[in-house]
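Asker: give me coordinates for this.
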Amino acid sequence: MSDLELRRQVCFALYAASRAVTDVYRPLLDELGLTYPQYLVLLVLWERDPATPTVKELGAALELDSGTLSPLLKRLAAAGLVNRRRSARDERVVEIELTTAGRAVRDRVAEVPRRVAAATGLTEAELVALRDTLTRITATVHQQQRGN
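Answerer: Down below sits the predicted model:
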């Protein structure tokens with residue numbers, strides 16, 4: 001058996017699983033007028049509410065650069081879910097604040113994680129173990145990249 005077989009590649013298993021899970025999210029979020037990346041941004045904002053994180057802080061939490069994040073935030077602002085404003089302390093810094101509508105969406109998406117979890121066929125304990133393993137992989141790879 002060769003190490004160069006597709007089915008033996010961890011990268012492909014991660015890629016295929018990620019696409020499959022994202023495909024479960026898509027119709028659930030479409031009903032709410034959200035994309036998957038917008039949902040992730042809102043998750044961070046809900047966690048930090050009532051604080052107003054900066055674009056840089058959101059990017060760090062989501063592991064996204066500002067070039068990717070800025071268009072997402074513009075669309076969320078156009079939808080009335082967030083406000084973007086320049087910091088009074090430093091005009092170069094943009095702060096992101098949930099609107100009342102952005103807070104209200106949280107109640108409408110409350111069922112999404114349970115529905116996605118059910119679609120995986122895994123138990124809660126298996127999902128937690130998988131999440132923890134993936135988090136550990138990400139941290140280890142980032143640490144090794146910084147060390148090189």
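Asker: what comes up buried for the longest helix along the chain?
Answerer: Longest helix in the chain by number of residues (criterion: DSSP state H): helix 124-147. Across helix 124-147, burial judged by 16 or more other C-beta atoms under 10 Å covers no residue at all. Any C-beta I mention is one placed from the backbone N, CA and C, and that applies to glycine too.
Asker: list of residues touching that helix?
Answerer: With C-beta atoms under 8 Å, 6 or more residues apart in numbering as the test, helix 124-147 has contacts from 14, 117, 120, 122.
Asker: can you tell me which of those is nearest Y39?
Answerer: Proximity of the contacts of helix 124-147 to Y39 (C-beta to C-beta) peaks at A117, which lies at 15.0 Å.
Asker: circling back: of the contacts of helix 124-147, which is the nearest to T68?
Answerer: Once C-beta to C-beta is applied, the member of these that ends up nearest T68 is L14, at 19.7 Å.
Asker: state the distance from the closest one to P113.
Answerer: Relative to P113, L14 is positioned 20 Å away (C-beta to C-beta, to the nearest Å).
Asker: do T68 as well
Answerer: 23 Å.
Asker: check G102 too.
Answerer: Going from G102 to P113 by C-beta to C-beta gives 18 Å.
Asker: swap in G59?
Answerer: In terms of C-beta to C-beta, G59 sits 23 Å off from P113.
Asker: cool, L76 as well?
Answerer: Distance from L76 to P113, by C-beta to C-beta: 20 Å.
Asker: just D90 next, same as before
Answerer: From D90 to P113 the distance is 35 Å (C-beta to C-beta).
Asker: and the spatially most central residue of the chain, what is it in contact with?
Answerer: The C-alpha lying nearest the average C-alpha coordinate of the chain belongs to L40 (C-alpha atoms, centre = their mean; 3.0 Å). Contacts for L40 were tallied using C-beta under 8 Å, 6+ apart; they are L62.
Asker: okay, and it sits in which element?
Answerer: For L40, the enclosing helix or strand under DSSP states H and E is helix 36-48.
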